[in-house]
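J.: Quick one: sequence plus predicted model below, questions after.
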Amino acid sequence: MVYKMSDIILGSGTGVGSLPHKDAEKAVKMSINSFCRFPHWPQTPAFSDRGNMIDQAVFALENFGLVKCLPSGSYMFCEDDPDWHKNFTDFFEFYKEFMEGSGSEGLIDHYFSLPEQGFPGFYIFKEIVQKLDASKTVLKGQTAGPLTVGLALKDSSGKPSIYSEMLREILIMCIHLQIFWQFKELNEYANDTIVFVDEPSLTALGSSAYVALKKRWVKDSLERLIELLKTEDCNLGFHACGGGDWSVPFELDFKIVNFDAYNYFESLFSYRDQLKKFLDGGGILAWGIVPTDFNGNPEDLLDLLEDKIELLEEIGIDRQRLMNNILITPACGLGSSDLKTSEKVYDAVKFISNNYLTEDYGRAKNI
């Protein structure tokens, strides 16, 4: 039998990305054992001092000589470097050849493969998932998005790079190829692969600290990524672990939107119409209903989830849409948690998702 992606993942659980393990193999096995339908490769920042989401986003730009790591551990574009123009031209020509199919695809591994010393979980995950039944598995990857990277990565004057049109363009090209590489590496071992664009900085939009930050820049950058990856048949998800302007992901063609339903549930209320349209169009809402410090009874969280679904129903969101188009996740990544707590969080996600993988909700539980 041929299963659709939605047949496999709806009602299931998955992780956001990071785990606190120093042993990447144990992190991978916890992901796969907890979420057999929709496992994710784990980022393990405790394993390496260059294994966080910003490190993951900028290493390829370092390879091209466009970015350097400062002694503080932060990153900066090198526009003042005497080799900037040459390095930028090399990067642009590489990207142009890739888009034209002129042979640079063979060099993607050289520039864009994740450094194994910083992200061993990816390679262990890739090895283990080859042994799973691909027809019944959807794989999850993740990378930081242009807003989050553009605020963290500064230009040579110390200003966030997202304020520069040229540097935003470089970020879009780089993130596009990073996602392409993840998809290429994983998708042959799965029914489908979804890569999430992680934007914890979504809360910056409209904040007093970033009054010059334009929503149009963020939305246009994300839309570009979606359209570029469509040509590779790569679907994208979106994750933000705070509140923020939810019209941005809901109005774009993300297949899944993941939000912190435990701490920031009320942030959805201002975007009722956009949420309704997103769900009516087949979008999947991934509920981060398990807090990252969870140490209680998962049945209480199941009750809490039901209460929140009822609240959305009261403001005009169709209950059946919510019940049918649902995933369960932690509220955010667990890289700064501890091992015992992370296990309890994943167990709780699994417990709640099992309640949505029943005939009561029309799930294909025999997959």
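T.: Great, that's in hand. Predicted model, so just to flag it, every value in this text is computed and none were measured.
J.: could you pull out the helices for the stretch 1-150 of the chain?
T.: 5-9, 24-34, 53-63, 84-100, 108-112, 120-129, 146-152 (DSSP state H, counting those that start in this stretch).
J.: Among the ones you listed, which comes closest to Asp220?
T.: Within these, the stretch nearest Asp220 is helix 146-152; the backing value is 9.5 Å (Cβ to Cβ). Placement of C-beta: from N, CA and C, glycine included.
J.: about what we covered before: now, of the helices of the stretch 1-150 of the chain, which is deepest in the fold?
T.: Relative to the other members of the helices of the stretch 1-150 of the chain, helix 146-152 carries the highest mean neighbour count by mean count of other Cβ atoms under 10 Å, namely a mean of 25.
J.: What residues sit buried inside the next helix or strand after that one?
T.: Moving toward the C-terminus from helix 146-152, the first helix or strand encountered (DSSP states H and E) is helix 165-186. Along helix 165-186, the positions that meet the burial threshold by neighbour count (16 or more other Cβ atoms under 10 Å) are 167-168, 170-186.
J.: So what touches the helix or strand just after helix 165-186?
T.: On the C-terminal side of helix 165-186, the closest following helix or strand by DSSP H and E is strand 192-198. Under the contact criterion Cβ atoms under 8 Å, 6 or more residues apart in numbering, strand 192-198 has outside partners 5, 8, 16-17, 53, 138-145, 148, 175, 179, 182-183, 186-187, 222, 225, 229, 234-240, 254-256, 258.
J.: Quick check, Asp347 in contact with Asn295.
T.: No. If you go by Cβ atoms under 8 Å, Asp347 and Asn295 don't touch, sitting 11.2 Å apart.
J.: higher neighbour count, those two?
T.: Asp347 (15 against 10; other Cβ atoms under 10 Å).
J.: Check what pLDDT the nearest residue to Lys255 once chain neighbours are set aside gets.
T.: Spatial nearest neighbour of Lys255, chain neighbours left out: Asn235 (4.5 Å); criterion: Cβ to Cβ, 6 or more residues apart in numbering. As summarised for this prediction, Asn235 has a pLDDT of 92.
J.: what does Gly362 give?
T.: At Gly362, the predicted lDDT confidence score is 44.
J.: what's the answer for Glu359, then?
T.: 45.
J.: got it, and Leu10?
T.: Residue-level pLDDT assigned to Leu10 equals 87.
J.: residue contacts, it?
T.: Applying Cβ under 8 Å, 6+ apart, one finds that Leu10 lies in contact with Ile284, Asn324, Asn325, Ile326, Leu327, Tyr356, Arg363.
J.: switch the cut-off to 7 Å
T.: Leu10 makes contact with Ile284, Asn324, Asn325, Ile326, Arg363, according to Cβ atoms under 7 Å, 6 or more residues apart in numbering.
J.: of all those residues, which comes closest to Asp273?
T.: Among those, Asn325 lies closest to Asp273 (Cβ to Cβ), at 16.6 Å.
J.: what does stretch 217-236 rub up against?
T.: For stretch 217-236, the surrounding residues in contact (Cβ under 7 Å, 6+ apart) are 145-147, 162, 168, 172, 175-176, 179-180, 183, 194-195, 197, 205, 248, 252-255.
J.: So which bits of that stretch are buried?
T.: If you call a residue buried by 16+ other Cβ under 10 Å, then stretch 217-236 has these buried ones: 217-219, 221-222, 224-226, 228-229, 234-236.
J.: ditto for stretch 65-72
T.: Neighbour counts using 16+ other Cβ under 10 Å place Gly65, Leu66, Val67 of stretch 65-72 among the buried residues.
J.: Could you find the closest non-adjacent residue to the second one?
T.: Yep, that's Leu66 we're talking about. Here the residue nearest Leu66, using Cβ to Cβ, 6+ apart, is Asn87, at 5.5 Å.
J.: Hmm, Leu61 and that neighbour touching each other?
T.: No. Applying Cβ atoms under 7 Å as the test, Asn87 and Leu61 come out as separate, 9.4 Å apart.
J.: now the helix or strand hosting Trp217 against strand 192-198, angle please.
T.: Assigning secondary structure by DSSP H and E places Trp217 in helix 215-230. Inter-element angle recorded for helix 215-230 and strand 192-198: 160 degrees (by axes from the mean of the first three to the mean of the last three Cα atoms, to 10 degrees).
J.: Alpha carbons only: can I get helix 215-230 in PDB?
T.: As requested, C-alpha coordinates have been extracted for helix 215-230 and formatted as PDB (Å, rounded to 0.1, in the frame of the first residue of the first chain):
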ATOM      1  CA  LYS A 215       7.700  42.500   8.100                       C
ATOM      2  CA  ARG A 216       8.000  42.600   4.400                       C
ATOM      3  CA  TRP A 217      11.600  41.600   4.500                       C
ATOM      4  CA  VAL A 218      10.900  38.600   6.700                       C
ATOM      5  CA  LYS A 219       7.800  37.400   4.700                       C
ATOM      6  CA  ASP A 220       9.500  37.900   1.300                       C
ATOM      7  CA  SER A 221      12.600  35.900   2.500                       C
ATOM      8  CA  LEU A 222      10.500  33.000   3.700                       C
ATOM      9  CA  GLU A 223       8.300  33.000   0.600                       C
ATOM     10  CA  ARG A 224      11.400  32.900  -1.600                       C
ATOM     11  CA  LEU A 225      12.600  29.800   0.300                       C
ATOM     12  CA  ILE A 226       9.300  28.100  -0.100                       C
ATOM     13  CA  GLU A 227       9.200  28.700  -3.800                       C
ATOM     14  CA  LEU A 228      12.800  27.700  -4.300                       C
ATOM     15  CA  LEU A 229      12.300  24.400  -2.500                       C
ATOM     16  CA  LYS A 230       9.100  23.600  -4.300                       C
END
